[in-house]
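Peer 1: Here's my sequence, what's the structure:
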Amino acid sequence: MDHSDSHDDALANRILKYAAATSKTSDLPPFPGDDVESLPSDYEYQEGDDEEYEEEEVEEISEMELLSHLDASMPPLLLAQELFHTDVDPSTFKVFKSDNVNQLFEQGYTVLDDVLPPTTIQSVRQWATEMFKSGQMDKASGKHDEKEDPFREGNARGDYTIWVSPGSKFLEVSPELKECVDWFSGRLHEDLAKVVHLHGQAEYQLAYYPPDSSHYERHRDSFPTDDKDDVDQRRVTAIVYFNPDWKQGNGGELRIFDKGMGDEDEKEIDIAPLAARCVVFLSGVMDHAVMPAFEERIALTSWYR
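Peer 2: So this is what the prediction gives:
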């Protein structure tokens, strides 16, 4: 896979440039200059002299507005392609095939089917439903983590979630859920690390969408970056679904907004949340949403940094 020329602007610098370009600052008072002789002999600063000048106005913007500007300055897919390894050996893959790697590089997402056995899918689905009904899952809306997602709207989603990272108490009571997390942290993670520069950090979250039109509005999982040393931004998102009886009309599709390289119209691609299906996409590239669910929708998501 061919890489484009490297891009020097780090994410922080690009955001700062945007802030500088959009800030509203009034004219500052004229500086007296270097000619000290032109200053009155008793010249000194008097508190309050600058009250007539307005302070800089801070204008808040939404996450999507900031992302839109960053995308306009550089296509996010082009940036993310700089994170890919150039010496990929498909013969060493445990989950991926060559087509999956090419799709991830060229379009920012790929789909794998039948990644887990039906018995595991059914068991995790039943366990997640029981956890929801017993009140042990947190409503994601209102639990917004300002540190993790500083620009994310807190009421943009209708699901209930629990974190299930390795070592979690929940994995001790559900061997099948542990099997799923082990697949994410083992086989899939190993393949991804051969394709994309990763730092070993990952998060795992189980989500339950009630059958009441619950959804997740359009969003992105991280900011686009080509910095291989960055440890803050998520690099890759992977989602596995636990919906064995899903059929057209049940809702809950994953809608991906495909911008390509920004030289053509955006495409909306709906991916059915079929049982044992895994969708993998570049976190800083793909805007996505969960369409309203009219039947129970259960998914396990991993974010790799």
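Peer 1: ranges for the strands of the stretch 1-150 of the chain?
Peer 2: 109-112, 138-139 (DSSP state E, counting those that start in this stretch).
Peer 1: just flag whichever of these has the lowest average confidence.
Peer 2: Ranked by mean pLDDT, the strands of the stretch 1-150 of the chain bottom out at strand 138-139, which scores a mean of 96.
Peer 1: can I see the domain layout of this protein?
Peer 2: Taking automatic domain parsing as the reference, the chain has its domains at 13-74, 79-304.
Peer 1: These into TSV, with extra columns for mean neighbour count?
Peer 2: In this view, the C-beta of every residue, glycine as well, is placed from N, C-alpha and C. Listed next are those as TSV, based on neighbours: other CB atoms under 10 Å:
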stretch	mean neighbour count
domain 13-74	11
domain 79-304	17
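Peer 1: picking up where we left off before, can you tell me which of the strands of the stretch 1-150 of the chain is nearest to F170?
Peer 2: Nearest of the strands of the stretch 1-150 of the chain to F170, taken as CB to CB: strand 138-139 at 12.5 Å.
Peer 1: Partner strands of the closest one and their direction?
Peer 2: Strand 138-139 has the following strand partners under DSSP bridges: strand 160-163 (antiparallel).
Peer 1: Measure how far the strand it pairs with is from the centre of its chain, please.
Peer 2: 17 Å (CA atoms, centre = their mean, to the nearest Å).
Peer 1: ok, and what's touching that strand?
Peer 2: Residues from elsewhere that reach strand 160-163 (CB atoms under 8 Å, 6 or more residues apart in numbering): 131-132, 136-140, 143, 170, 203-210.
Peer 1: Between the domains of the chain, which has the poorest mean confidence score?
Peer 2: Here the lowest mean pLDDT among those goes to domain 13-74, at a mean of 63.
Peer 1: re the thing from before, possible to save the strands of the stretch 1-150 of the chain as TSV with distance to R220?
Peer 2: Listed next are those as TSV, based on distance: least, CB to CB, whole Å:
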stretch	distance to R220
strand 109-112	13
strand 138-139	22
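Peer 1: Mind checking these for the one nearest to C278?
Peer 2: For the strands of the stretch 1-150 of the chain, proximity to C278 was assessed by CB to CB; strand 109-112 is nearest, at 4.5 Å.
Peer 1: Pairing partners for the closest one, with directions?
Peer 2: Here strand 109-112 is paired, per DSSP bridges, with strand 278-282 (antiparallel).
Peer 1: Could you identify the helix or strand that succeeds the strand it pairs with?
Peer 2: strand 287-293 (DSSP states H and E).
Peer 1: what distance separates that next one from the middle of the whole chain?
Peer 2: The answer for strand 287-293 is 14 Å, by CA atoms, centre = their mean.
Peer 1: swap in stretch 244-264?
Peer 2: Relative to its parent chain, stretch 244-264 has a centroid offset of 16 Å by CA atoms, centre = their mean.
Peer 1: measure it end to end?
Peer 2: End-to-end distance for stretch 244-264: 36 Å, by CA to CA, to the nearest Å.
Peer 1: now swap in stretch 181-199 and tell me
Peer 2: Using CA to CA, one end of stretch 181-199 lies 18 Å from the other.
Peer 1: And stretch 231-245, by the same measure?
Peer 2: Chord length of stretch 231-245, first to last residue, is 39 Å (CA to CA).
Peer 1: just stretch 270-283 next, same as before
Peer 2: The stretch stretch 270-283 measures 17 Å between its terminal residues, going by CA to CA.
Peer 1: Same check on stretch 78-93?
Peer 2: For stretch 78-93, the end-to-end distance is 24 Å (CA to CA).
Peer 1: Now do it: everything it contacts.
Peer 2: Taking CB under 8 Å, 6+ apart as the rule, stretch 78-93 contacts 1, 3-4, 6-7, 96-98, 101, 105, 108, 191, 194-197, 224-226, 228, 235, 261, 282, 284-285.
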